[in-house]
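Asks: Based on what follows, work out the 3D shape:
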Amino acid sequence: MSPSIHEPLARASVVADPGGTLLALDFDGTLSHIVDDPTRAFAHPGSVEALGRLGTVLGQVAIITGRPVRQALELSGFEGRPGLERLVIYGQYGAERWDAADGVVSEPPRPAAIARLAEVLPGWLDERGAHGVRIEDKGLAIALHTRGVDPGLFDSLRAPVAALAAELGLVVEPGRQVVELRAPGHDKGAALLALAEAVGARQVVFGGDDLGDLPAFAAVEQLRAQGVGGLLLCSASAEQDALVARADVVLEGPDAVAAWLTALADEIVPA
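Replies: Just a heads-up that it's a prediction; the model follows:
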């Protein structure tokens with residue numbers, strides 16, 4: 001896919017004014033490959049290296065992920081990384097926050113509805129013959145992973161999961177062979193807008209790969225309408241193409257994301 005009309009101008013703005021740039025990225029599928037075991041989804045070493053370099057010149061680097069902050073820290077290698085002393089990580093779609101500057105993790109209490117879901121979910125899945133579905137309890141949310149099981153199982157669970165979420169007052173966040181139930185009130189777009197305002201960003205670059213990144217794409221489009229520069233990166237896959245048409249740059253997965261970040265660092269970081 002050819003770059004959009006925004007790509008040359010936005011990239012030139014980043015190169016000319018790195019200190020006015022906010023670079024924010026999703027984690028799974030963007031910085032890390034999607035794998036069967038989510039506890040083994042380590043950040044691409046090329047991206048970690050490039051972000052360490054970019055962190056020395058960009059106004060702000062951030063990660064905005066559906067993962068809990070503590071998981072993202074364990075899998076990323078970001079904590080204590082030179083160049084990322086001002087890194088911010090938003091976890092669970094913005095419900096959690098970690099600042100490298102002080103090492104403090106801000107975590108709200110576990111919602112009662114999530115605690116109730118954790119109690120009933122194993123039996124609920126058994127009643128529907130969904131024995132191969134893996135339950136990931138994130139504290140503030142619960143994810144159901146269907147990767148590696150019957151391909152039709154994910155589709156067959158859509159309506160029942162939506163009904164269960166509605167019964168408990170939760171929202172459903174679909175992803176790549178995973179569906180997550182979480183409390184309403186947070187999304188990646190709101191987190192990105194708040195951070196862009198806080199740091200006074202003059203241009204915002206965001207990269208993601210899945211449906212949960214759509215609010216962040218919409219946030220960048222909103223900022224563009226307000227005169228802030230914006231650049232949208234899609235980490236593409238055969239499993240999800242919802243972001244492709246709206247992206248300025250389409251990259252073939254985390255390897256290509258790492259190469260793109262490295263090229264940007266080579267261009268703007270002093271030797």
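
Asks: Which helix or which strand is home to W124?
Replies: Using DSSP states H and E, W124 sits in helix 112-127.

Asks: Mind giving me the packing neighbours of the following helix or strand past that helix?
Replies: Reading on from helix 112-127 to the C-terminus, the next helix or strand found by DSSP H and E is strand 134-137. Judged by 3 or more C-beta pairs under 8 Å, 6 or more residues apart in numbering; DSSP states H and E, the packing partners of strand 134-137 are helix 112-127, strand 141-145. (Each C-beta comes from the backbone N, C-alpha and C, glycine too.)

Asks: Just the CA trace of stretch 103-113, in PDB.
Replies: Output of stretch 103-113 as PDB, limited to C-alpha atoms (Å, rounded to 0.1, in the frame of the first residue of the first chain):
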ATOM      1  CA  GLY A 103       8.700   4.200  38.800                       C
ATOM      2  CA  VAL A 104       5.300   4.500  40.200                       C
ATOM      3  CA  VAL A 105       2.400   2.400  38.900                       C
ATOM      4  CA  SER A 106      -1.100   3.900  39.200                       C
ATOM      5  CA  GLU A 107      -3.600   1.100  39.400                       C
ATOM      6  CA  PRO A 108      -7.300   1.400  40.300                       C
ATOM      7  CA  PRO A 109      -9.000  -1.200  42.400                       C
ATOM      8  CA  ARG A 110     -10.400  -4.400  40.800                       C
ATOM      9  CA  PRO A 111     -14.100  -3.800  39.700                       C
ATOM     10  CA  ALA A 112     -16.700  -5.900  41.500                       C
ATOM     11  CA  ALA A 113     -18.100  -7.000  38.100                       C
END
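
Asks: buried stuff in it?
Replies: By neighbour count with 16 or more other C-beta atoms under 10 Å, stretch 103-113 contains the buried residues E107, P111, A113.

Asks: same thing with stretch 47-58?
Replies: The neighbour-count check on stretch 47-58 (16+ other C-beta under 10 Å) flags S47, V48, E49, A50, L51, G52, R53, L54, G55, T56, L58 as buried.

Asks: Kindly format the C-alpha coordinates of it as CSV.
Replies: Extracted C-alpha coordinates of stretch 47-58, given in CSV (Å, rounded to 0.1, in the frame of the first residue of the first chain):
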residue,chain,number,x,y,z
SER,A,47,12.2,-1.7,18.6
VAL,A,48,13.5,-1.6,22.1
GLU,A,49,16.9,-0.4,20.8
ALA,A,50,15.3,2.2,18.5
LEU,A,51,13.0,3.6,21.1
GLY,A,52,15.9,4.0,23.5
ARG,A,53,17.6,6.1,20.9
LEU,A,54,14.5,8.1,20.0
GLY,A,55,13.7,8.7,23.6
THR,A,56,16.8,11.0,23.8
VAL,A,57,15.4,13.4,21.2
LEU,A,58,11.6,13.1,21.0
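
Asks: who touches it?
Replies: Stretch 47-58 has contacts (C-beta atoms under 8 Å, 6 or more residues apart in numbering) with 18-19, 21-23, 25, 31, 61, 76-78, 81-87, 254, 257-258, 261-262, 264-265, 268-270.

Asks: Nothing else from me, thank you.
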